[in-house]
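Engineer: For reference, the sequence and a predicted model appear below.
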Amino acid sequence: MLAWVTGLASRTRAWLSAQRADQEFENELEIHLEMLTEENIRRGMTPEEARRAARIRLGGHTQLKETNRELQGLPMLETFLQDARYAFRMLRKNPGFTAVAVLTLALGIGANTAIFSVVYAVLLKPLPYGNPDQLYNVFQAKPQEGVGGTGWSYANFTELREQNRVFSEMVGSQQHQLTLTGRGEPAVVNTSVVTPELFSLFGEKPLAGRAFFPEDGKPGAPPVVILSENLWRSSFGADPNTIGTAINLDKRSFTVVGIMPVAFRFPLLTKSEQLWIPLVQDPLFGGWMERRGGHWLQVTGRVKPGVSMTQVRAELDAFAARFAKEFPAENDGWTIRMVPLQQMIVGRVRSALLVLLGAVGLVLLIACANIANLLLTRATSRAREIAVRTTLGAGRTRIVRQLLSETAVLGLLGGVTGIVLAYWGVQALGSLLPENLPRVNAIRVDRYVLAFALLLSAIASCAFGLAPAWFAANSNLQSSLREGGGRSGESRNRRRARSFLAAGEIALAMVLLVAAGLLLRSFSKLMSVSPGFEAQHVVKADISLPRFRYSTPQQWAAFSDEFLTRIQAQPGLQDSAVAVPRPIADSFINLGFDIVGDPPLSAGTSRTANYVSVSVNYFHVMGIPLLSGRLIDRRDVFSSPRVTLISKTMARLYFPNQDPLGKQLSFAFPPDSGAPREIVGIVGDVRDVALGQDPGPMMYVPYAQAPFWGANVVVKSTLSPPSVAAAIRQEVQKIDKDLPVTDVATMPELIDASVAQARFRTILLGLFAAMAMVLAAIGIFGVISYSVSCRTNEIGIRVALGASRSSILRMILRETLALALAGMALGVPCALAASRLVGHMLFGVSASDPATLAAVTFALAAVVTLSGYVPAHRAMRVDPMVALRHE
Amino acid sequence: MTGDKSEILQGTLDLMVLKTLEAMGPLHGYGIARRIEQISEEALQINQGTIYASLVRLIQKRWISGTWGTSDNNRKAKFYSITKAGRKQLHTEAQNWERISTVIGRVLRIAERG
């Protein structure tokens, strides 16, 4: 080892002073020569003879110097630099080839790097918390009723937190949007209601003030609040005296006790303007802390280091069993499961992103095949040069090394250009990315992404460089020299390799085209599906009622009544209504219910439907048709008998072959748990969850009988959305100047946003498929052109012997079509296999859709034929005289 | 170049150079080449240039050192001498060599008889 180090040191020294060392060695050889000559003279030779004999005795002068240099210096580095210099010269001499190769590669690497930057930021980058892999979300679940994972009751959570042996810390949380008043315009802020351990769980220290104390979480504790740095800066002007002052949240006074640094976010996916209050202050659930039932608290825990997953699962199972035994009414049948926090955050988009990464990888593969083809073509025309080198004593490895250096230089150029393209690509992606993609603001070309790009160009260089180098090294020396630079004698192996590459390109392009075609068809179906309501001209806005002031359902109902009366009195705003939740715009509420008089269901089955509370005018505003019975009207007030409407699907699903009108439902949801509700009407189906999801059973209740703490309003108006918003604001202020009107949007916008991810992957995959097709076309064009130029002589003879021009055209096109058929024969099974990967993203079209497959096959065949036609046409016009002289 | 003369292995040449320098003291390249030829009674006629590759290798391993000096007939030349590490190496190598050549000799004799 030591010897190796000293050897390397001396070599490096020698390499650095190469000039001097060379000179010295020259002197040494000269002296040796003189001494030999003198001896020869002493033996009786003439001076000339003596000198000549001495030279022979010493050996080849140049060779000795070369060996010495190699031994003295750093031969690997030296030859690499030499090769690289030579490669640059070669590339500069063939600007067309270089431009095509570098651009092709740059496109491939640029697209890959851009997509990887998204994948890295969204999927791979660790969460911005200490030891993020220890963090898990813990759920209660009731699989037999289809409840995959839901929150906890405070009582269950506290017991688990205090008595478990596998989590070092656990925190319960719940999100609200509270109204911050007393500081200029009322504003809605994202509020996390948390148990006091939040900050110690994540190991985060406040920027100023303090974190929560355990006492802050006890019932009866004075209300305190911790602000995020960004909220403190935006709403409090970064006032250093903010700590200790009081602020109003939903009309309750809270004392600011701390400010958290901007780096800390919890939950991660909300705006950075956020604040935290202790769980006991929760405006909705604060009164539920003693209750064992209810599943409203989200639980996050940090697993102790060194504790295995098996141990954690065993512990959680034990707790589930204990809860079920001690409190069977609330806990029977419930299990506990956990999911890594990272997976929670990115789970939904994972497969779509990986499909995109795979697709863009295929594009790069096609690009590599193209460049390999170009290089093979060039290597053939360079066969003579390589043969000469070999004759002059270059070893096989030396030749391969030189060719690989050329591809490495090519790869480096392509990589660097690709990184530039990736910077643009990431910017372009920025405007294309769906806003609801998690962690989207973390996407950038950082050092990891750069490392990926460089690694990729290295791998790509190897991929497209090896085959040509291998062929070059194994070429037959004699035949290459004898050919005298002509190109007619390309080896069969090489030709076969090129055809194989071209066919492979077609196959890969086919895979991408089929996937893109499926997504495109699916997306157009999605866009043409009717949501069940008329979105045109409908504007929505949210008014959040301070829960500490408006605390009873009667107050909520009174507010929405007054609000609607005022709004409907405005010109152009007559068609307005209140509804919670609104389709697409809000998240749905799925509720279990019973049919009064029906026998109880067998265990493990349940009836559920999506629940909506709507004001009188709602169906008119949204254009949802009444199918039978009556709509909700002014008679349906809080004191009148409970009524409900159901959707067509609900009638079909739960009342097959009977008239649902007059039947009664009961469901366990406040404010009237268990009270029977008579079905008075059936309305049309609505795609309330997502455009791409078939309408499920739905039930509508009168807002007056089941109000919410706020007014989620929909207005159908021909006025412009901003003037609608302004009118709503004006009327709300007249009722209560502290009420904010937020989240104003038009329904078409919301529907558009709801398909943003589908659009994103459709556009990208379409783009990649287009790139793939263009690259494959270029590849075919290259192969056929080259084949034509190799066969010029043969074509000339054929023409001279009387072959018609059209038969020549047919001959070349036949060659093209053979390639196309081979590629597509390879491509169809690959495409069918790959399309299964996008199957779950499809809407209204099957993964093996024959129409798409047929269209893609036809389009690809057309493109391939076209790219073969140009060289075929050239072949057709070959002049036999010129061709025969062509040698 | 090889003819019917024995071809020498690279490592063998290094060993001979070391031995020569140990026996003769500092020598220049020509001297070393001459000396090896003389001792082998001209049985080994080397392409004298190859000695320099061996010298470079030995210098890199720090088993010999080289300095410019003046030869007998007042000529400037590079003189090589064995280092302490070189002597140690020579000692182990020589032992190795003897053991191996004994073994090979024995095997060859057995084969002849066989």
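Structural biologist: Thanks, I have the structure now.

Engineer: So which residues of the stretch 451-600 of chain A form helices?
Structural biologist: A:477-483, A:492-528, A:553-568 (DSSP state H, counting those that start in this stretch).

Engineer: closest one to chain B among those?
Structural biologist: Closest approach to chain B among these (Cβ to the nearest Cβ): helix A:477-483, 23.7 Å. From N, CA and C alone the C-beta is placed, and that goes for glycine too.

Engineer: Count residues in the vicinity of A:Ser492, would you?
Structural biologist: Not quite, residue A:492 is Arg, not Ser. A:Arg492 is flanked by 7 other residues according to other Cβ atoms under 10 Å in any protein chain shown.

Engineer: A:Leu455 is nearest to which of the helices of the stretch 451-600 of chain A?
Structural biologist: helix A:492-528 (21.2 Å; Cβ to Cβ).

Engineer: helices and strands around that closest one, which ones?
Structural biologist: For helix A:492-528, the packing partners by 3 or more Cβ pairs under 8 Å, 6 or more residues apart in numbering or on different chains; DSSP states H and E come out as helix A:350-381, helix A:447-473, helix A:756-790, helix A:805-838, helix A:850-876.

Engineer: buried residues in it?
Structural biologist: A:494-495, A:497-523, A:526 (16 or more other Cβ atoms under 10 Å in any protein chain shown).

Engineer: Can you lay out the helices and strands packed on helix A:492-528 as CSV showing mean pLDDT?
Structural biologist: Formatted as CSV, those follow (pLDDT from 0 to 100):
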stretch, mean pLDDT
helix A:350-381, 85
helix A:447-473, 81
helix A:756-790, 87
helix A:805-838, 88
helix A:850-876, 88
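
Engineer: how about the ones you listed in JSON lines, adding mean neighbour count?
Structural biologist: JSON lines is the format used below for these (neighbours: other Cβ atoms under 10 Å in any protein chain shown):
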{"stretch": "helix A:350-381", "mean neighbour count": "22"}
{"stretch": "helix A:447-473", "mean neighbour count": "19"}
{"stretch": "helix A:756-790", "mean neighbour count": "22"}
{"stretch": "helix A:805-838", "mean neighbour count": "18"}
{"stretch": "helix A:850-876", "mean neighbour count": "18"}
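
Engineer: Export those as a markdown table, with columns for distance to chain B.
Structural biologist: Output for the helices and strands packed on helix A:492-528, formatted as a markdown table (distance: least, Cβ to the nearest Cβ, whole Å):
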| stretch | distance to chain B |
| --- | --- |
| helix A:350-381 | 34 |
| helix A:447-473 | 26 |
| helix A:756-790 | 44 |
| helix A:805-838 | 52 |
| helix A:850-876 | 54 |
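
Engineer: Of these, which is nearest A:Gly203?
Structural biologist: Of the helices and strands packed on helix A:492-528, nearest to A:Gly203 by Cβ to Cβ is helix A:447-473, at 23.8 Å.

Engineer: So B:Ala77: helix, strand or coil?
Structural biologist: strand (DSSP: H, G, I helix; E, B strand; the rest coil).

Engineer: Count the neighbours of the closest residue to chain A within chain B for me.
Structural biologist: Per Cβ to the nearest Cβ, B:Gly49 is where chain B lies closest to chain A, at 3.5 Å. Applying other Cβ under 10 Å, we find 23 residues neighbouring B:Gly49.

Engineer: measure it to B:Glu37 for me?
Structural biologist: The gap separating B:Gly49 from B:Glu37 is 14 Å, by Cβ to Cβ, to the nearest Å.

Engineer: Unless I misread the structure, A:Leu269 falls within a helix.
Structural biologist: No - counting by three-state DSSP, A:Leu269 is not found in a helix; it is coil.

Engineer: number of nearby residues for it?
Structural biologist: With other Cβ under 10 Å as criterion, A:Leu269 counts 12.

Engineer: The closest residue to it other than its chain neighbours and A:Leu58, how far apart?
Structural biologist: Spatial nearest neighbour of A:Leu269, chain neighbours left out: A:Pro438 (5.6 Å); criterion: Cβ to Cβ, 6 or more residues apart in numbering or on different chains. Separation of A:Pro438 from A:Leu58 (Cβ to Cβ): 74 Å.

Engineer: between those two, which one's more packed in?
Structural biologist: A:Leu58 (23 against 17).

Engineer: residues contacting the residue of chain B closest to chain A?
Structural biologist: A:29, A:58-60, A:63-64 (Cβ atoms under 8 Å, 6 or more residues apart in numbering or on different chains).

Engineer: which of those lies closest to chain B?
Structural biologist: A:Gly59 (3.5 Å).

Engineer: ok, the closest one touching B:Ala53?
Structural biologist: No - A:Gly59 is beyond contact range of B:Ala53, at 10.3 Å (criterion: Cβ atoms under 8 Å).

Engineer: so what's the residue nearest to A:Leu269 up against?
Structural biologist: Going by Cβ under 8 Å, 6+ apart, the list of residues near A:Pro438 reads A:122, A:268-269, A:345-346, A:348-349.

Engineer: and the residues you listed as CSV, adding pLDDT and distance to A:Pro223?
Structural biologist: Converted to CSV, these look like this (pLDDT from 0 to 100; distance: Cβ to Cβ, whole Å):
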residue, pLDDT, distance to A:Pro223
A:Val122, 82, 37
A:Leu268, 79, 25
A:Leu269, 73, 26
A:Ile345, 79, 30
A:Val346, 78, 35
A:Arg348, 72, 35
A:Val349, 79, 38
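
Engineer: From the rest of the structure, what touches the host helix or strand of A:Arg337?
Structural biologist: For A:Arg337, the host element (DSSP states H and E) is strand A:335-340. Strand A:335-340 has contacts (Cβ under 8 Å, 6+ apart) with A:133, A:135-143, A:149, A:301, A:312, A:316-317, A:319-320, A:347.

Engineer: Could you give me the PyMOL syntax to select whichever of the contacts of B:Gly49 are buried?
Structural biologist: Typed into PyMOL, the line below selects the buried ones among the contacts of B:Gly49, using 16+ other Cβ under 10 Å:
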select buried, chain A and resi 29+58+59+64
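
Engineer: helices or strands next to the helix ranked longest in chain B in the packing?
Structural biologist: The helix that spans the most residues within chain B, counting by DSSP state H, is helix B:84-113. Helix B:84-113 makes packing contacts with helix B:10-24 when contacts are defined by 3+ Cβ pairs under 8 Å, 6+ apart.

Engineer: related to what we said a few turns ago, filter the contacts of strand A:335-340 down to the ones in strands?
Structural biologist: A:135-142, A:149, A:301 (DSSP state E).

Engineer: quick one: which of the contacts of A:Pro438 is nearest to chain B?
Structural biologist: Once Cβ to the nearest Cβ is applied, the member of these that ends up nearest chain B is A:Val122, at 52.8 Å.

Engineer: Low-confidence stretches in the stretch 201-350 of chain A?
Structural biologist: Along the stretch 201-350 of chain A, segments meeting pLDDT under 70 span A:286-287.

Engineer: residue boundaries of the helices in it?
Structural biologist: Going by DSSP H, counting those that start in this stretch, the stretch 201-350 of chain A shows helices at A:229-236, A:309-326, A:328-331, A:341-346, A:350-381.

Engineer: by how many degrees do the last one and helix A:805-838 diverge?
Structural biologist: What separates the directions of helix A:350-381 and helix A:805-838 is an angle of 150 degrees, with axes from the mean of the first three to the mean of the last three Cα atoms, to 10 degrees.

Engineer: What number of residues are in the vicinity of A:Pro126?
Structural biologist: If we define neighbours as other Cβ under 10 Å, then A:Pro126 has 10 of them.

Engineer: For the closest residue to it other than its chain neighbours, give its distance to chain B.
Structural biologist: Nearest residue to A:Pro126, sequence neighbours excluded (Cβ to Cβ, 6+ apart): A:Pro132, at 4.9 Å. From A:Pro132 across to chain B, the span is 51 Å (Cβ to the nearest Cβ, to the nearest Å).

Engineer: Phi first, then psi, for A:Gly220.
Structural biologist: Torsion angles at A:Gly220 (phi, psi; degrees, to the nearest 10) stand at phi 90, psi 0.

Engineer: tell me, what residue is most central in the chain?
Structural biologist: All of this is about chain A. With distances taken as Cα atoms, centre = their mean, the residue of chain A nearest its centroid is A:Leu353 (3.2 Å).

Engineer: oops, I was thinking of chain B
Structural biologist: Centre-most residue of chain B, counting by Cα atoms, centre = their mean: B:Met16, 1.9 Å.
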